[in-house]
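Engineer: sharing a sequence plus its predicted fold:
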Protein chains: 2
Amino acid sequence: MMPGLKLDRIDLKILAKLQQAGRITNVELADAVGLSPSPCLTRVKRLEQAGYITGYGAHINLRKLGEFLTIFTEVTLSEHRRGDFSRFESRIFKLDEIVECHLVSGGYDYLLKFVTRGVSHYQSIIEGMLESDYGIEKYFSYVVIKSPFIKHHFPIQNLFGQNLSGSAGASHD
Amino acid sequence: MMPGLKLDRIDLKILAKLQQAGRITNVELADAVGLSPSPCLTRVKRLEQAGYITGYGAHINLRKLGEFLTIFTEVTLSEHRRGDFSRFESRIFKLDEIVECHLVSGGYDYLLKFVTRGVSHYQSIIEGMLESDYGIEKYFSYVVIKSPFIKHHFPIQNLFGQNLSGSAGASHD
DNA sequence: CAAGCCACAGCATTTTATGCCGCGCCTACC
DNA sequence: GGTAGGCGCGGCATAAAATGCTGTGGCTTG
């Protein structure tokens, strides 16, 4: 089990702030959460170390880089033995155009998110997957016409129901 | 139409690097892309200004913050007039737990991504949406069992098919 | 009630950000 | 073909930030 690390109200404020302003300076962050820079930086380092913060990234406006096509694909595997899942997962992980993979309950097994240069690009990837042995029984594609919004930051605070007084123990990795 | 801004090989390297290391220092970034700090910072500012970079964020490990439930929901609207869509979009945008909204072609209208504290939390949100007049005809939920991977950074380079020699004009916002 | 521990603020040093300047290259106009 | 202008670069100087150290106050524990 991991260190566990007790998160107080300030830690959550730090996480919330960094989530929506990842490049904020430590000085500003410290001011925003009501600490001086030193202990603030210490907390950030600890949060990174403990795995609460897994990385930082810039949000790139894909549309300005050219025409891209986002597609959600439902996938059903032909076999459901132990190993079929992990084999499928590790293989599609190598495909750069598949940016998300979710195992879901419901009518199919996986929901995949593709970002491609267009339908023909997508088509060639899918064909490659079908020709090789990914174990796909059937699939269905939903082409994204537009994405009205994608929130890169959900409100951590709200998800705790305003209950930011106590501490939140951690667990499972 | 926007400035347009011509992106060269170096700009794309900057975008790629910032996408996967958003908190990198300008000195390190400059070194990574083969520039000195001054022109590198100038380029970053310009990319931000021109909207290629829309923001920065930390990636938070939700699982360590407690039990959260991710759910993908297919939604079909009961009416498809002009205005029904935008009204739906602007209303669900206000719901913190809905973190993504995609208009898709295929069997239904919208694919939504929820992040909730659990099924009952999800249930209460859905009920609220049905009671108020969101214009939902029917919906179907896919509960995420696990997410084998979510790539916060797709390879910009690859999506251009290695063709990073020339320049890429921009367009539509 | 006293001793130890923890987290904080303040300070000093190193590193980074950022504006300014001069140089070389590429272009366009003469 | 030569020259003037503009653009983008590297280097430098100054301001700001990161980061490690130290002392202090509050809280816990014996």
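Structural biologist: Thanks, I have the structure now.
Engineer: going by C-alpha atoms from here, please, whenever you check contacts or count neighbours.
Structural biologist: Will do.
Engineer: hang on, residue A:60 packs against residue B:22?
Structural biologist: No: the criterion here is Cα atoms under 8 Å, and residue A:60 misses it with residue B:22 at 10.8 Å.
Engineer: check the residue nearest the centre of chain A and give its pLDDT.
Structural biologist: In chain A, the residue lying closest to the centroid (Cα atoms, centre = their mean) is residue A:100, at 7.4 Å. Listed pLDDT for residue A:100 reads 98.
Engineer: show residues contacting the element among helices and strands of chain A having the smallest mean pLDDT.
Structural biologist: Lowest mean confidence among the helices and strands of chain A (mean pLDDT, DSSP states H and E): helix A:156-159, at a mean of 79. Residues outside helix A:156-159 that contact it (Cα atoms under 8 Å, 6 or more residues apart in numbering or on different chains): A:12, A:13, A:15, A:16, A:163, A:164, B:96, B:97, B:116, B:117.
Engineer: ok, stretch A:43-62 next?
Structural biologist: Stretch A:43-62 has contacts (Cα under 8 Å, 6+ apart) with A:3, A:5, A:11, A:14-15, A:22, A:68, B:15, B:18-23, B:51-62, B:64-65, B:152-153.
Engineer: ok, 7 Å please
Structural biologist: Here stretch A:43-62 makes contact (Cα atoms under 7 Å, 6 or more residues apart in numbering or on different chains) with A:22, B:18-23, B:51-61, B:64.
Engineer: on that earlier part again, buried ones in the least confident helix or strand of chain A?
Structural biologist: Residues of helix A:156-159 classed as buried by neighbour count (16 or more other Cα atoms under 10 Å in any protein chain shown): A:156, A:159.
Engineer: between the contacts of helix A:156-159, which sits nearest residue A:34?
Structural biologist: Nearest to residue A:34 out of the contacts of helix A:156-159 is residue A:13 (Cα to Cα; 9.7 Å).
Engineer: and the residue lying closest to that closest one once chain neighbours are set aside, what does it touch?
Structural biologist: Nearest residue to residue A:13, sequence neighbours excluded (Cα to Cα, 6 or more residues apart in numbering or on different chains): residue A:33, at 6.2 Å. Going by Cα under 7 Å, 6+ apart, residue A:33 touches A:10, A:13, A:14.
Engineer: that's a helix at residue A:104, yeah?
Structural biologist: No: if the criterion is DSSP: H, G, I helix; E, B strand; the rest coil, then residue A:104 is strand and not within a helix.
Engineer: ok, it - contacts?
Structural biologist: By Cα under 7 Å, 6+ apart, the contact list for residue A:104 reads A:110, A:111, B:142, B:143, B:144, B:145.
Engineer: can you check the pLDDT for the closest residue to it other than its chain neighbours?
Structural biologist: Closest residue to residue A:104 apart from its sequence neighbours, by Cα to Cα, 6+ apart: residue B:144 at 4.4 Å. At residue B:144, the model reports a pLDDT of 98.
Engineer: wait, isn't residue B:144 in contact with residue A:102?
Structural biologist: Yes: in terms of Cα atoms under 7 Å, residue B:144 counts as a neighbour of residue A:102; the distance is 6.2 Å.
Engineer: and those two? Which one has more around it.
Structural biologist: With neighbours defined as other Cα atoms under 10 Å in any protein chain shown, residue B:144 and residue A:102 compare such that residue A:102 has more, 24 against 20.
Engineer: what segments of chain A are strands?
Structural biologist: Residue ranges of the strands in chain A, as given by DSSP state E, are A:53-60, A:69-77, A:98-105, A:110-116, A:136-150.
Engineer: quick one: those as TSV, columns for distance to residue A:47 too.
Structural biologist: Formatted as TSV, these follow (distance: least, Cα to Cα, whole Å):
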stretch	distance to residue A:47
strand A:53-60	6
strand A:69-77	33
strand A:98-105	25
strand A:110-116	29
strand A:136-150	25
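Engineer: can you redo those as CSV with distance to DNA strand D?
Structural biologist: Below are those laid out as CSV (distance: least, Cα to the nearest atom of the strand, whole Å):
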stretch, distance to DNA strand D
strand A:53-60, 14
strand A:69-77, 30
strand A:98-105, 30
strand A:110-116, 29
strand A:136-150, 27
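Engineer: which residues touch the residue of chain A found nearest DNA strand C?
Structural biologist: Per Cα to the nearest atom of the strand, residue A:36 is where chain A lies closest to DNA strand C, at 3.4 Å. Residues near residue A:36 by Cα under 7 Å, 6+ apart: residue A:30.
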